[in-house]
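Trainee: fold the following for me, if possible:
(one chain, ligands or ions: 2)
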Amino acid sequence: MTVRLILGDQLNLQHSWFETPDDSILYFMAEMKQETNYVTHHIQKVVAFFASMRNFATQLEKQGHRVLYLPLDADENTQELTSNIQRIIATENAKRFEYLLPDEYRLDEQLRNFCKHLTIESKAFDTEHFLTTREELATFFKGKKQFTMEYFYRYMRKKHGILMLNGETPQGGQWNFDHSNRKKWKGTPNVPSLNETAINVSNLTALLESQNIKTIGTINAESFTWPTTRESSLEILNHFCQELLEHFGDYQDAMDPDEKYLFHSRLSFALNCKMISPKEVMETVIAHWRRNLDSIHISQVEGFVRQILGWREYMRGMYWKEMPNYAGLNILANTHPLPDFFWTGKTKMLCMRKSIEQSLENAYAHHIQRLMITGNYALLTQCDPDQVDEWYLGIYIDAIEWVEITNTRGMSQWADGGKIATKPYVSSGSYINKMSNYCKSCHYNVSDKTGEKACPFNSLYWNFLAEKRSHFEQNRRMGMMLNLLDKMKPELLHAHRERAQHIISNPNEY
Ligand code: FAD
Ligand code: SF4
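Mentor: Ligands and ions are numbered 1, 2, ... in the order given. Now for the predicted structure:
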């Protein structure tokens with residue numbers, strides 16, 4: 001008898017483990033407080049995980065596999081991973097324990113330590129999900145001081161022959177169409193909405209309540225629209241190809257107060273739980289593009305492929321290269337607490353209010369909201385990266401540490417001193433105004449530099465550059481900004497710094 005563990009983000013029905021049912025194998029899955037409580041999660045995130053795990057277990061049983069599924073409220077559930085496994089090994093008199101390699105450092109360590117002390121044989125298997133191994137990025141950058149994503153992306157394009165002509169030349173004549181991914185959203189074309197099926201989530205929300213699981217955010221049948229099966233994940237992928245791909249690249253960096261998703265795919269949860277694979281997502285998107293060359297430009301497809309083949313695999317590689325030290329990095333020595341309005345949305349800054357409210361209502365904000373609104377604000381106000389990480393890890397449906405911490409601590413908060421982002425992603429109000437329609441309905445004036453009604457991002461930006469300039473003096477990409485800072489009239493800089501200090505000390509007044 002072999003016990004095989006399947007974690008909540010390992011729902012890969014295509015895995016070779018499941019090719020043939022075998023009565024001598026027992027698949028074990030568990031809902032546990034260890035996982036619901038390591039951070040305060042959004043309620044939709046916990047529900048989405050549990051619903052997907054339950055659907056997955058049912059599917060495995062239908063295919064003839066033996067499954068032991070432990071719900072959160074089962075009497076025998078110890079609520080901790082290794083003691084649960086230990087008990088099942090004993091009750092089943094198992095001779096072997098097998099698991100799929102976890103994507104999170106904490107679980108990897110927990111299982112490695114557990115296996116060291118097991119008296120039966122154990123083995124870890126690949127999840128057969130990613131296009132890279134854990135170590136591949138570290139090997140690629142061996143001996144290098146900089147770990148630029150673009151070079152890794154080109155290597156991945158060549159290695160996997162994705163959007164390539166004859167193995168060496170990028171299709172469309174260039175590797176990267178980033179410069180054409182910056183259109184402001186003006187309301188046309190229409191964003192087609194997904195025909196969302198309401199899922200009955202009341203049994204799971206009641207379960208969480210009865211077990212006193214602390215959560216953030218809200219849930220109801222209308223707002224919960226996440227795929228919890230492989231079929232519904234494929235439907236979202238199909239909707240993306242049919243309706244959204246055509247404009248994905250163009251509006252990748254755009255923001256609008258009334259459009260929560262714009263042309264973003266909403267595939268991250270399905271991908272991160274492994275209900276669908278990055279390879280099949282890219283193959284489906286590229287095949288759809290090839291059938292519609294007249295209407296879909298390569299820049300839209302390349303923009304999407306770059307996120308999955310480039311950024312997603314890159315972040316995973318950086319995570320395994322840098323952990324566990326990465327989780328403690330705070331190069332800029334930022335220590336301020338994250339303001340209360342991150343949990344309520346109660347702020348007069350419209351861009352912040354909309355991005356936070358949407359996150360609380362839907363457990364989702366698209367990339368540029370996470371990076372250039374909430375992340376930008378947290379960095380400019382010099383918030384403690386531990387608190388920033390905790391918020392991002394809790395609130396988003398797709399937040400699993402390997403991809404959350406690299407994006408948050410690295411890309412967004414520059415707490416790693418530039419390992420991931422070659423320069424900090426900070427901006428004043430003018431960038432937000434350029435890329436979004438928030439400013440025209442905001443309480444603040446984006447073009448005012450100082451004064452009561454001036455956009456808080458303006459003073460915060462110049463204050464940040466002045467206060468942290470020693471970190472960026474050698475950074476060529478920051479040269480122009482530091483030049484502008486140096487040329488600023490001392491009275492104006494003084495006014496910016498005073499206002500910024502007031503905002504930082506009294507965030508909830510703004
Ligand atoms: P789309 O815009 O449609 O992109 C397609 C896919 O590309 C995504 O589903 C995702 O799998 C991948 N992708 C895009 N950008 C990135 C990226 N920077 N890193 C890795 N994969 C990427 N993504 C997560 O999956 N989990 C997180 O916890 C997470 N935390 C983030 C925190 C911050 C501060 C920032 C700036 C970004 C974070 N991201 C995270 C990356 C990105 O914002 C989300 O993947 C994306 O918003 C998910 O929505 P989507 O599926 O509609 O993406
Ligand atoms: Fe945000 Fe400033 Fe624009 Fe208001 S004016 S929406 S605070 S950038």
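
Trainee: residues from the stretch 251-400 of the chain in reach of ligand 1?
Mentor: 264-268, 271-272, 307-308, 311-312, 315, 366-367, 370-371, 375, 392, 396, 398-399 (CB under 6 Å from any ligand atom). Bear in mind the C-beta positions are built from the backbone N, C-alpha and C, glycine included.

Trainee: now intersect those residues with the helices, please.
Mentor: Counting by DSSP state H, these place 268, 271, 272, 315, 367, 392 in helices.

Trainee: please tabulate those in CSV, including the columns pLDDT, distance to residue 214 and neighbour count.
Mentor: Formatted as CSV, these follow (pLDDT from 0 to 100; distance: CB to CB, whole Å; neighbours: other CB atoms under 10 Å):
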residue, pLDDT, distance to residue 214, neighbour count
268, 98, 24, 22
271, 98, 27, 21
272, 98, 22, 20
315, 98, 28, 20
367, 97, 28, 16
392, 98, 17, 25
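
Trainee: name the helices or strands packed onto the longest helix along the chain?
Mentor: In the chain, taking DSSP H as the definition, the longest helix is helix 43-62. Counting contacts by 3 or more CB pairs under 8 Å, 6 or more residues apart in numbering; DSSP states H and E, helix 43-62 packs against strand 25-30, strand 66-70, helix 202-210.

Trainee: for the ones in helices among the residues of the stretch 251-400 of the chain next to ligand 1, work out which two are farthest apart.
Mentor: Comparing every pair within these by CB to CB identifies 271 and 392 as the most remote, at 17.2 Å.

Trainee: low-confidence ranges, the stretch 301-450 of the chain, go.
Mentor: Counting by pLDDT under 70, the stretch 301-450 of the chain shows no low-confidence range.

Trainee: residue ranges of the strands in it, please?
Mentor: Secondary structure of the stretch 301-450 of the chain (DSSP state E, counting those that start in this stretch): no strands present.

Trainee: and the helices in it?
Mentor: 313-322, 350-362, 367-369, 376-380, 385-395, 401-405, 429-435 (DSSP state H, counting those that start in this stretch).

Trainee: now check the last one, is it near ligand 2?
Mentor: Yes - using CB under 6 Å from any ligand atom, helix 429-435 comes into contact with ligand 2 via 429, 432, 433.

Trainee: burial count for the first one?
Mentor: For residue 429, the count of nearby residues is 26 (other CB atoms under 10 Å).

Trainee: any figure for the gap between the closest residue to it other than its chain neighbours and ligand 2?
Mentor: Leaving aside its sequence neighbours, residue 429 sits nearest to residue 455 (CB to CB, 6 or more residues apart in numbering; 3.5 Å). Applying CB to the nearest ligand atom, to the nearest Å, the value for residue 455 to ligand 2 is 3 Å.

Trainee: next: residue 47.
Mentor: Distance from residue 47 to ligand 2, by CB to the nearest ligand atom: 31 Å.

Trainee: same check, this time on residue 35
Mentor: Counting by CB to the nearest ligand atom, the gap from residue 35 to ligand 2 is 35 Å.

Trainee: contacting residues around that residue?
Mentor: The contact partners of residue 35, by CB atoms under 8 Å, 6 or more residues apart in numbering, come to 8, 49.

Trainee: and for residue 4?
Mentor: With CB under 8 Å, 6+ apart, residue 4 has these contacts: 17, 25, 26, 27, 28, 97, 98, 99.

Trainee: and these, which are buried?
Mentor: Those of the contacts of residue 4 that meet the buried threshold are 17, 25, 26, 27, 28, 97, 98, 99, by 16 or more other CB atoms under 10 Å.

Trainee: per-residue pLDDT, residue 194?
Mentor: You'll see residue 194 listed with a pLDDT of 80.

Trainee: residues near it, how many?
Mentor: Neighbour tally, residue 194, other CB under 10 Å: 15.

Trainee: so where does it fall, helix or strand?
Mentor: Taking DSSP states H and E as the definition, one finds residue 194 inside no helix or strand.

Trainee: excluding chain neighbours, give the residue nearest to it in space.
Mentor: residue 239 (4.9 Å).

Trainee: isn't the one you found up against residue 225?
Mentor: No - the pair residue 239 / residue 225 is not scored as a contact, 11.4 Å apart, by CB atoms under 8 Å.

Trainee: any shared contact partners between those two?
Mentor: By CB under 8 Å, 6+ apart, the residues touching both residue 239 and residue 225 are residue 194.

Trainee: so for the two, which sits in the more crowded spot?
Mentor: Between residue 239 and residue 225, counted using other CB under 10 Å, the more crowded position is residue 225 (22 against 18).

Trainee: report the spatially nearest residue to the more buried one, omitting neighbours in sequence.
Mentor: With CB to CB, 6+ apart, the residue lying closest to residue 225 is residue 196, at 4.3 Å.

Trainee: roughly how far does the one you found sit from ligand 2?
Mentor: Taking CB to the nearest ligand atom, one finds residue 196 at 28 Å from ligand 2.

Trainee: assign a three-state SS to that residue, would you?
Mentor: Following DSSP: H, G, I helix; E, B strand; the rest coil, we place residue 196 in the coil state.

Trainee: same question for residue 73.
Mentor: Residue 73 - assigned by three-state DSSP - is coil.

Trainee: okay, now the nearest residue to residue 445 once chain neighbours are set aside: neighbour count?
Mentor: Leaving aside its chain neighbours, residue 445 sits nearest to residue 453 (5.0 Å; criterion: CB to CB, 6+ apart). As a burial measure, residue 453 scores 11 neighbours (other CB under 10 Å).

Trainee: contacting residues for residue 453?
Mentor: Each residue near residue 453 by CB under 8 Å, 6+ apart is listed here: 443, 444, 445.

Trainee: and the closest residue to ligand 1 within the stretch 51-200 of the chain, what pLDDT?
Mentor: Here the residue of the stretch 51-200 of the chain nearest ligand 1 is residue 149; by CB to the nearest ligand atom that distance is 9.2 Å. At residue 149, the model reports a pLDDT of 97.

Trainee: so it touches residue 311, yeah?
Mentor: Yes - using CB under 8 Å, residue 149 makes contact with residue 311 at a distance of 6.5 Å.

Trainee: out of the helices and strands packed on helix 43-62, nearest to residue 508?
Mentor: Closest to residue 508 of the helices and strands packed on helix 43-62 is helix 202-210 (CB to CB; 28.8 Å).

Trainee: got the CA positions of the longest helix of the chain in PDB?
Mentor: Taking Å, rounded to 0.1, in the frame of the first residue of the first chain, the C-alpha atoms of helix 43-62 are listed here in PDB:
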ATOM      1  CA  ILE A  43     -12.700  34.300   1.900                       C
ATOM      2  CA  GLN A  44     -13.100  33.600  -1.900                       C
ATOM      3  CA  LYS A  45      -9.600  32.300  -2.000                       C
ATOM      4  CA  VAL A  46     -10.300  29.600   0.700                       C
ATOM      5  CA  VAL A  47     -13.600  28.800  -0.900                       C
ATOM      6  CA  ALA A  48     -12.000  28.500  -4.300                       C
ATOM      7  CA  PHE A  49      -9.300  26.200  -3.100                       C
ATOM      8  CA  PHE A  50     -11.600  23.900  -1.100                       C
ATOM      9  CA  ALA A  51     -14.200  23.800  -3.900                       C
ATOM     10  CA  SER A  52     -11.500  22.900  -6.500                       C
ATOM     11  CA  MET A  53     -10.000  20.300  -4.200                       C
ATOM     12  CA  ARG A  54     -13.400  18.700  -3.600                       C
ATOM     13  CA  ASN A  55     -14.200  18.700  -7.400                       C
ATOM     14  CA  PHE A  56     -10.800  17.200  -8.100                       C
ATOM     15  CA  ALA A  57     -11.200  14.400  -5.500                       C
ATOM     16  CA  THR A  58     -14.600  13.600  -7.000                       C
ATOM     17  CA  GLN A  59     -13.100  13.400 -10.500                       C
ATOM     18  CA  LEU A  60     -10.300  11.100  -9.400                       C
ATOM     19  CA  GLU A  61     -12.800   8.800  -7.800                       C
ATOM     20  CA  LYS A  62     -14.900   8.800 -11.000                       C
END
